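> coordinates only, no sequence provided:
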């Protein structure tokens, strides 16, 4: 004959069952990749896109039109290469290549002679403003023609939120959106020289016969754990700290655009957070 449960025993058993079910559901949810909350990223505008599928992985204020600082130099490089100018041509640096408004400093002195190829390398790798300015000044038709070519290229690429007024990005009137900059990064990635120069960790050029060492402004290119196919940093006070990359994460080719990151190291921190989330999600399932 079966013993009847005391009412208290039934209540305890019911609570135990509910507790076990809650734990089971909790563990199941923990096993699923949790979405990365854009609010946790310290960059004001963010877009991460799968370059192969076109899938938007992260979107945070991606349509906001903002200053883009030296991300501009990717467009500068494309305009130079599109024109087919001789890269071995020697260029004499001029005082016209200095932007007095921002008080920026350059290690390149007026009168120094570099090839157009060296100027392109320094502009992309170490974000040398004087090099970018010299590239525009020596363009056929000078800076006005160069800026016109930049904006024409933007139109061809469908960058409807973008406008350029100089080749360096020192002007806050060089503006774009994170969504537009995905198009810029993908277009620039089609140029082997831009891929190579923007991701080179270090280089030495001779100025007045003396070697001068430069490093990449994106320290991640020197990190062996990162597989970066294209990179460009940017900073002016109006734009905040910016970073764009085309990078391999979890066997995916992703375009990462981070604009107006408020801390000195926060753009790199955001990149690290994005990578951790992508790799964790990929390890738990076939889709991000």
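On my side now, so go ahead. Keep in mind it's a predicted model, so treat the numbers as computed, not measured.
> rest of the way, CA atoms for contacts and neighbours
OK.
> show me where the stretch 51-200 of the chain has strands.
Ranges of strands in the stretch 51-200 of the chain, per DSSP state E, counting those that start in this stretch, are 56-60, 66-67, 90-92, 113-115, 175-176.
> so which of the ones you listed comes closest to residue 275?
Residue 275 lies closest, by Cα to Cα, to one member of the strands of the stretch 51-200 of the chain: strand 56-60, at 11.7 Å.
> low-scoring pLDDT stretches of the protein, where are they?
Scanning the chain for pLDDT under 70 picks out 1-35, 99-103, 285-288.
> which helix or strand contains the most centrally placed residue in it?
Nearest to the mean C-alpha position of the chain, by Cα atoms, centre = their mean, lies residue 244 at 0.7 Å. Here residue 244 is covered by strand 240-249, with elements defined by DSSP states H and E.
> need the helices for the stretch 101-250 of the chain, in chain order.
Residue ranges of the helices in the stretch 101-250 of the chain, as given by DSSP state H, counting those that start in this stretch, are 116-125, 129-137, 142-156, 178-188, 192-199.
> list the buried ones in stretch 135-144?
Across stretch 135-144, burial judged by 16 or more other Cα atoms under 10 Å covers 135-139, 143.
> list of residues touching it?
Applying Cα atoms under 8 Å, 6 or more residues apart in numbering, the external contacts of stretch 135-144 come out as 76, 80, 91, 97, 116, 119-120, 145-146, 166-167.
> also stretch 81-96?
Defining contact as Cα under 8 Å, 6+ apart, one finds that stretch 81-96 is touched by 108-117, 130, 134, 138.
> out of the strands of the stretch 51-200 of the chain, the one nearest residue 258 is which?
strand 56-60 (9.5 Å).
> tell me which residues of that closest one come out buried.
Result for strand 56-60 [16+ other Cα under 10 Å]: buried residues 57-60.
> identify whichever of the strands of the stretch 51-200 of the chain lies nearest to residue 201.
With respect to residue 201, and counting by Cα to Cα, the nearest of the strands of the stretch 51-200 of the chain is strand 113-115 at 19.8 Å.
> may I have the strands that pair with that closest one, each with its orientation?
Partners of strand 113-115 in the sheet, by DSSP bridges, are strand 90-92 (antiparallel).
> flag every buried residue along the strand it pairs with.
residue 91.
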